[in-house]
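Visitor: after the sequence you'll find the predicted model.
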Amino acid sequence: MRSASSNRISVAATDGEMGSVRNFLFDDQSWKVSYLVVDVGNWLKRRDVVLPITALEKPDWQTKPVALI
């Protein structure tokens, strides 16, 4: 698994890039990633959005962006 702190992982919506992954939220029983915390703000103001893993397509590590379904 890649760490969001060492590599920038972009999240893309149908109209373009929406932000980058800041953190992962895990299920405390199964230790599986359940949610991604995505920074959708700009350089002046940070705004975090929590997205469920089920709302994302399988990542392609060659092209980097993770797409919303």
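Guide: Ah, there it is.

Visitor: show the pLDDT at residue 29.
Guide: pLDDT, residue 29: 91.

Visitor: next one: it from residue 40, what distance?
Guide: Counting by C-beta to C-beta, to the nearest Å, the gap from residue 29 to residue 40 is 29 Å. To be clear about C-beta, it is placed using only N, CA and C from the backbone, and glycine gets the same treatment.

Visitor: and these two? which has more neighbours close in?
Guide: When neighbours are counted by other C-beta atoms under 10 Å, residue 29 and residue 40 differ, and residue 40 comes out ahead with 16 against 6.

Visitor: next, the buried residues of stretch 46-66.
Guide: 51, 56, 65, 66 (16 or more other C-beta atoms under 10 Å).

Visitor: stretch 20-35 too?
Guide: Along stretch 20-35, the positions that meet the burial threshold by neighbour count (16+ other C-beta under 10 Å) are 20, 21, 22, 24, 35.

Visitor: adding secondary structure, distance to residue 10 and pLDDT, write those residues out as TSV.
Guide: Rendered in TSV, the data for the buried residues of stretch 20-35 read as follows (DSSP: H, G, I helix; E, B strand; the rest coil; distance: C-beta to C-beta, whole Å; pLDDT from 0 to 100):
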residue	secondary structure	distance to residue 10	pLDDT
20	strand	5	89
21	strand	8	90
22	strand	12	91
24	strand	15	90
35	strand	17	94
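
Visitor: just put the residues you listed in a markdown table and tack on distance to residue 9.
Guide: What follows is the buried residues of stretch 20-35, written out as a markdown table (distance: C-beta to C-beta, whole Å):
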| residue | distance to residue 9 |
| --- | --- |
| 20 | 6 |
| 21 | 4 |
| 22 | 9 |
| 24 | 10 |
| 35 | 14 |
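
Visitor: among the residues you listed, which one sits closest to residue 60?
Guide: Distance to residue 60 across the buried residues of stretch 20-35 (C-beta to C-beta) is lowest for residue 21, with 14.5 Å.

Visitor: I'd say the closest one and residue 9 touch.
Guide: Yes. Applying C-beta atoms under 8 Å, one finds residue 21 in contact with residue 9, separated by 4.2 Å.
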